[in-house]
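**Q** Quick check, what structure comes out for this input:
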Amino acid sequence: MINSLVIVPTYNEIENIETLITAVFDLVGNFNILIVDDNSPDRTALKVIELQERYPNKLFLEQRQGKLGLGTAYIHGFKWALKRDYDYIFEMDADFSHNPKDLNLLLDACISENLDMVIGSRYVKGVNVVNWPMSRVLLSYLASKYVKFITGMPIHDTTAGFVCYTKKLLQTINLEDIKFVGYAFQIEMKYKTYLKKLKYKEIPVIFTDRAQGTSKMSKGIISEAIFGVIQMKIKSLFTNK
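**A** Just a heads-up that it's a prediction; the model follows:
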């Protein structure tokens, strides 16, 4: 039986969380869900606790004491998954920007092609983004081009947050060495995979902007990505990791 875990970091996602959880569990497949909540003031965690009665032994919750960043939420989730011996571990946003039905596309590609990482990509075939303003599309698209240029990674969507990892990959990468806490975390995970010469692939998905709740993007997150990528590249030249 395929043993898969979908990790969903949350901060004020009360409008989306029940619908998302239901959509994932309605899929054909053996997906479990781990919500990593950063003490959401809107009581997202309480809604998850309520839903655990409906989905016992399938829906799990880790509550943290504050807003500690996307990257640290995923690292927390990865360690939790490895302790429980999940074979396939997914990153997924809570806001329906990633279509739950595409989880099976990522999983099927990972299994059938014996890959270590599969990226749900907005840019591998054109620009597959719905309902974003043009300024946001350009920012995201050019950011991926910038990262590709600096790092040399042959990946079109370097900032993608819809990803399937194998247990092997997460055991190979030193999770303690992941430094970025914002969206640059997504870049760092892909770069570590690239440097380790693990097998990966991008498959096209349609990204849809959130209809409920508010974006967590900030100037600090953008700055981390711009300057952090240069630091990451320089460090790799000296450490060969």
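
**Q** How many neighbouring residues does residue 3 have?
**A** A total of 15 residues lie near residue 3 under the criterion other C-beta atoms under 10 Å. (Glycine included, C-beta is placed from N, CA and C.)

**Q** now do residue 193
**A** Using other C-beta under 10 Å as the criterion, residue 193 is surrounded by 22 other residues.

**Q** now do residue 16
**A** 22.

**Q** From residue 96, how far off is it?
**A** With the distance defined as C-beta to C-beta, to the nearest Å, residue 16 ends up 6 Å from residue 96.

**Q** you'd agree residue 87 is up against residue 4?
**A** Yes. Using C-beta atoms under 8 Å, residue 87 makes contact with residue 4 at a distance of 6.8 Å.

**Q** neighbour-wise, which of these two wins?
**A** residue 4 (22 against 17).

**Q** Find me the pLDDT at residue 146, would you?
**A** According to the prediction, residue 146 has pLDDT 89.

**Q** which ones are touching it?
**A** Neighbour list for residue 146: 226, 229 [criterion: C-beta atoms under 8 Å, 6 or more residues apart in numbering].

**Q** Pull the CA coordinates from the helix or strand it falls within and hand them back as CSV.
**A** Residue 146 belongs to helix 134-151 when elements are defined using DSSP states H and E. These are the backbone C-alpha positions of helix 134-151, laid out as CSV (Å, rounded to 0.1, in the frame of the first residue of the first chain):
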residue,chain,number,x,y,z
MET,A,134,0.2,40.5,-14.1
SER,A,135,2.6,42.2,-11.7
ARG,A,136,2.5,39.0,-9.5
VAL,A,137,2.9,36.7,-12.5
LEU,A,138,5.9,38.7,-13.6
LEU,A,139,7.5,38.7,-10.2
SER,A,140,7.1,35.0,-9.8
TYR,A,141,8.2,34.1,-13.3
LEU,A,142,11.2,36.4,-13.3
ALA,A,143,12.2,35.2,-9.8
SER,A,144,12.4,31.6,-11.1
LYS,A,145,14.4,32.8,-14.1
TYR,A,146,16.8,34.7,-11.8
VAL,A,147,17.3,31.6,-9.5
LYS,A,148,17.8,29.4,-12.6
PHE,A,149,20.5,31.8,-13.8
ILE,A,150,22.3,32.1,-10.5
THR,A,151,22.3,28.5,-9.5
